[in-house]
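Asker: Build the 3D model from these lines:
(one chain, ligands or ions: 1)
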Amino acid sequence: MSSINCFRTAKAPLHTFASVSRFRYSPNPIVSVLRRKSSPSFVTLRVVSSMAYEKELDAAKKAASLAARLCQKVQKALLQSDVQSKSDKSPVTVADYGSQAVVSLVLERELTSEPFSLVAEEDSADLRKDGSEDLLQRITKLVNDTLATEDLTKAIDSTLTTDDLLRAIDCGTSEGGPNGRHWVLDPIDGTKGFLRGDQYAVALGLLEEGKVVLGVLACPNLPLTSIAGNKNKNSSSSEETGCLFYATIGSGTYMQPLDSKSEPVKVHVSSVENPEEASFFESFEGAHSLHDLSSSIANKLGVKAPPVRIDSQAKYGALSRGDGAIYLRFPHKGYREKIWDHVAGAIVVTEAGGIVTDAGGKPLDFSKGKYLDLDTGIIVANEKLMPLLLKAVRDSIAEQEKASSL
Ligand SMILES: Nc1ncnc2c1ncn2[C@@H]1O[C@H](COP(=O)(O)OS(=O)(=O)O)[C@@H](OP(=O)(O)O)[C@H]1O
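Answerer: From the prediction side, this is the model:
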């Protein structure tokens, strides 16, 4: 990737600078124009080639795959344990902290030359409290064992201590925002799915000047083939599971089996144009998304298939390869969406040709810090379906508001 910093003058409007095809950095240059908030007349033209973010992508894939391996180990032990301990939330706590520490350590190690900022779901406050010593020891051992499988412990300065672990977790306390680079992590997205033995994802993205430029989704329980034709959609069945989706800006979305050296395949969202042939995804948990509203929207569109309900950003991964054509997410009033629940998924879908917007059709803005500045909902579809979907969403919301005002 090459960057050109330049001042924009009144005589040279922004589009003048965007016309840089004469620069021979790449046969198909994609230009992103980054304007500094602090100095709006100063723009950075970034010519993004297919090699852009290569180093970051390698590091992100390694970090998410290793973190997923840690989670798989914990989930396996959880599912083999007795019924009583399944209602215990501590396995997900162990895996959540462990996953965050692994990602933080791998990124820091692989990208040594850059200042490192990570916006992530967890911090170490609870682990530092009295009575957490055993838990902290368990997580530290798990992280050491996971890193040892890649021989990373040597490179990360021998075996980690509990203090090293706490420090690694706390690397994730950045606030994000519109300037600079920020990694964004959900160490286990879909914690409820994880506890049930169903879908979850390690979701890692990179923001540059407030825009998503890279995303990786590791989905250990997602079948390698379409989940839409799968009878037991949320659970991992006997068939082969474990998908790694990844995308960088301008380069498309790829999927490969998790933990395998198999060649990646380029994926595309569904090309369905007729809503009657489309199927739609929504949250498994009714507490996370209004299933009644989704059902009303689907009816208006003429969607015939029942909803596909699976946990986590595995939904974005499945949509990126065309398992379904639509995603509807309408949290209950007052819920504030966090960026780590959507950064990686959004670029995985958009680079596969999909559109991700709020319920009013506005693109998601990841530059505002930890939260997404929206209170309506999030929808996903391909270009052809989106106008129809937006109308159905508008009509259904208006109907709902009218009904509740009566
Ligand atoms: N009340 C409410 N409304 C909306 N969303 C919520 C809510 N509570 C939590 N969350 C976030 O949802 C994340 C789980 O993703 P999904 O909603 O796609 O999963 S699920 O299908 O419902 O299980 C989940 O991510 P994790 O906490 O990482 O599991 C939360 O960030």
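Asker: Could you use CA atoms for every contact and neighbour count after this?
Answerer: Noted.
Asker: Give me the nearest residue to A352, chain neighbours excluded.
Answerer: Leaving aside its chain neighbours, A352 sits nearest to H268 (4.5 Å; criterion: C-alpha to C-alpha, 6 or more residues apart in numbering).
Asker: before we move on, what about I397?
Answerer: L293 (7.6 Å).
Asker: list the contacts for the residue nearest the centre of the chain?
Answerer: The C-alpha lying nearest the average C-alpha coordinate of the chain belongs to A344 (C-alpha atoms, centre = their mean; 2.7 Å). Counting by C-alpha atoms under 8 Å, 6 or more residues apart in numbering, A344 touches 203-206, 212, 214-217.
Asker: which secondary structure elements does the lengthiest strand in the chain contact?
Answerer: Secondary structure assigned by DSSP state E gives strand 211-223 as the longest strand of the chain. Contacts defined by 3 or more C-alpha pairs under 8 Å, 6 or more residues apart in numbering; DSSP states H and E place strand 211-223 against helix 54-80, strand 201-208, strand 241-248, helix 314-320, helix 343-350.
Asker: could those go into CSV alongside distance to the ligand and mean pLDDT?
Answerer: Converted to CSV, these look like this (distance: least, C-alpha to the nearest ligand atom, whole Å; pLDDT from 0 to 100):
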stretch, distance to the ligand, mean pLDDT
helix 54-80, 13, 95
strand 201-208, 9, 98
strand 241-248, 16, 97
helix 314-320, 7, 98
helix 343-350, 11, 98
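Asker: what's around E263, how many residues?
Answerer: Neighbour count for E263, taken as other C-alpha atoms under 10 Å: 10.
Asker: is it true that it touches Y254?
Answerer: No. Between E263 and Y254 there is no contact under C-alpha atoms under 8 Å: 9.7 Å.
Asker: Pull up the residues of the stretch 251-400 of the chain that are close to the ligand.
Answerer: 283-285, 287-289, 310-313, 331-332, 335, 341 (C-alpha under 6 Å from any ligand atom).
Asker: coming back round to it: test my guess that the residue nearest to A352 contacts G353.
Answerer: Yes. Counting by C-alpha under 8 Å, H268 does reach G353; the two are 6.2 Å apart.
Asker: Now do the shared contacts for the two.
Answerer: By C-alpha under 8 Å, 6+ apart, the residues touching both H268 and G353 are S320.
Asker: related to what we said a few turns ago, now a PyMOL select for only the buried ones of the residues of the stretch 251-400 of the chain next to the ligand.
Answerer: Typed into PyMOL, the line below selects the buried ones among these, using 16 or more other C-alpha atoms under 10 Å:
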select buried, resi 283+284+285+289+310+311+312+313+331+341
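Asker: Report the two of the residues of the stretch 251-400 of the chain next to the ligand separated the most.
Answerer: For these, the farthest-apart pair by C-alpha to C-alpha is I310 and Y335; their separation is 19.7 Å.
Asker: So which of the residues of the stretch 251-400 of the chain next to the ligand is the closest to G193?
Answerer: D311 (5.7 Å).
Asker: who's in contact with the closest one?
Answerer: If a contact means C-alpha under 8 Å, 6+ apart, then D311 has 190, 192-193, 198-200, 234, 283-285 as its contacts.
Asker: In CSV: those, plus pLDDT.
Answerer: Shown next, in CSV, are the contacts of D311 (pLDDT from 0 to 100):
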residue, pLDDT
G190, 96
K192, 93
G193, 94
D198, 94
Q199, 97
Y200, 97
N234, 64
S283, 97
F284, 96
E285, 93
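Asker: Mind checking which of those are in helices?
Answerer: 192-193 (DSSP state H).
Asker: All the strands of the stretch 301-406 of the chain, in order from the start?
Answerer: 308-309, 326-329, 355-358, 378-381 (DSSP state E, counting those that start in this stretch).
Asker: would you list those in a markdown table and tack on mean pLDDT?
Answerer: Output for the strands of the stretch 301-406 of the chain, formatted as a markdown table (pLDDT from 0 to 100):
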| stretch | mean pLDDT |
| --- | --- |
| strand 308-309 | 96 |
| strand 326-329 | 98 |
| strand 355-358 | 98 |
| strand 378-381 | 98 |
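Asker: Save those as TSV, and put in mean neighbour count and distance to T146 too.
Answerer: TSV is the format used below for these (neighbours: other C-alpha atoms under 10 Å; distance: least, C-alpha to C-alpha, whole Å):
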stretch	mean neighbour count	distance to T146
strand 308-309	20	31
strand 326-329	26	34
strand 355-358	22	34
strand 378-381	26	35
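Asker: right, quick check: stretch 100-113 against the ligand, any contact?
Answerer: No. Under the criterion of C-alpha under 6 Å from any ligand atom, the ligand is not reached by stretch 100-113; the shortest gap measures 11.6 Å.
Asker: Spit out the contact partners of H291.
Answerer: Contacts of H291 (C-alpha under 8 Å, 6+ apart): E282.
Asker: and it, what pLDDT?
Answerer: Note for H291: predicted pLDDT of 97.
Asker: do the same with R46
Answerer: For R46, pLDDT reads 51.
Asker: So what's the gap between stretch 207-216 and the chain middle?
Answerer: Put simply, stretch 207-216 sits 11 Å off its chain's centre (C-alpha atoms, centre = their mean, to the nearest Å).
Asker: Am I right that S271 is in a helix?
Answerer: No. Assessed with DSSP: H, G, I helix; E, B strand; the rest coil, S271 is coil; it does not lie in a helix.
Asker: hmm, back to that, who does the longest strand of the chain pair up with?
Answerer: strand 201-208 (antiparallel), strand 241-248 (antiparallel) (DSSP bridges).
Asker: now the helices for the stretch 251-400 of the chain?
Answerer: 291-301, 314-320, 343-350, 386-405 (DSSP state H, counting those that start in this stretch).
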